[in-house]
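[1] my questions concern the predicted model and sequence given below.
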Amino acid sequence: MEPVQEMPNPFVIVAVFAATLLVVRLFTTLIHELGHGFFGLLLLKGNFDIYIGSYGDPDRGMHFKIGRIKLHIVYAPFSTEKGVFRPESQNTTPLKDFLVTLGGPLASLTTGALYLYLALTMPLPEIMKMSFYILTGSSLLDFWYNIKPGTDSVTLHDGSFVYNDGYMLKYRWEQMFKKEE
């Protein structure tokens, strides 16, 4: 006779689901922006600001400096402000800008695929698998939202504005292959 598997407590499932949702956007946004930061460290010389939970507000939240990266984190799980990567002004090329911009969506796609792989292949408790599926969904939605060019700009804390990664990738691609007139 096979042992009967005990069903997890539904209150535990709801609690884990709610806790995962409260931190998942913070976490997937952090991974996305660190993707930009990783390529920035490889390709650019200057310092960078990474904002999580705000669009460039240096006065709110917690602040950490790690090497050339200054990280600003505002925990606001219900905010529409997700994050932004801001390199200091410097001389660069359209190819370097393209690769740094691509770093964010690539980090989202890679981590989403990794979460899915772990959920499908590792012998994990169902509650952890559920968390990995939520992280997978959030990461892949983050990738999709950022890779498709959007024409709506986002106004940053300082009054300047930016477009999403897809729009900037398209713009940088056109810059790289623009014919000299």
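    Received it, and whenever you're ready, just let me know what you need.

[2] in the longest helix anywhere in the chain, which residues are buried?
    Counting by DSSP state H, the longest helix found in the chain is helix 10-43. Buried positions in helix 10-43, judged by neighbour count with 16 or more other C-beta atoms under 10 Å: 16, 20, 24-26, 28-41, 43. C-beta coordinates here come from the backbone N, C-alpha and C atoms, glycine included.

[3] same check, this time on stretch 49-62
    D49, I50, Y51, I52, G53, S54, Y55, G56, D57, G61.

[4] what does the fifth one show for phi and psi?
    The one in question is G53. phi 90, psi 0 (degrees, to the nearest 10).

[5] pick out the residue nearest the middle of this protein.
    H32 (2.2 Å; C-alpha atoms, centre = their mean).

[6] quick check: that one touching S108?
    Yes. Applying C-beta atoms under 8 Å, one finds H32 in contact with S108, separated by 4.9 Å.

[7] which neighbours do the two share?
    D142, N146 (C-beta atoms under 8 Å, 6 or more residues apart in numbering).

[8] gap between G137 and L21?
    G137 is 11 Å from L21, where distance means C-beta to C-beta, to the nearest Å.

[9] this protein: helices as residue ranges?
    10-43, 94-121, 126-147, 165-176.

[10] the ones you listed: which one's closest to F85?
    F85 lies closest, by C-beta to C-beta, to one member of the helices of the chain: helix 10-43, at 3.8 Å.

[11] quick one, that closest one and helix 94-121 angle?
    Calculated by axes from the mean of the first three to the mean of the last three C-alpha atoms, to 10 degrees, helix 10-43 forms an angle of 150 degrees with helix 94-121.

[12] who does helix 10-43 touch, helix- and strand-wise?
    Counting by 3 or more C-beta pairs under 8 Å, 6 or more residues apart in numbering; DSSP states H and E, the packing neighbours recorded for helix 10-43 are strand 48-52, strand 69-73, strand 83-87, helix 94-121, helix 126-147.

[13] so K129 makes contact with A119?
    Yes. Using C-beta under 8 Å, K129 makes contact with A119 at a distance of 4.8 Å.

[14] with neighbour numbers in mind, choose between those two.
    A119 (18 against 15; other C-beta atoms under 10 Å).

[15] check contacts around the nearest residue to that one once chain neighbours are set aside.
    With C-beta to C-beta, 6 or more residues apart in numbering as the criterion, A119 has its nearest non-adjacent residue at 3.7 Å, and that residue is F132. Listed by C-beta under 8 Å, 6+ apart, the contact partners of F132 are Y115, L116, L118, A119, L124.
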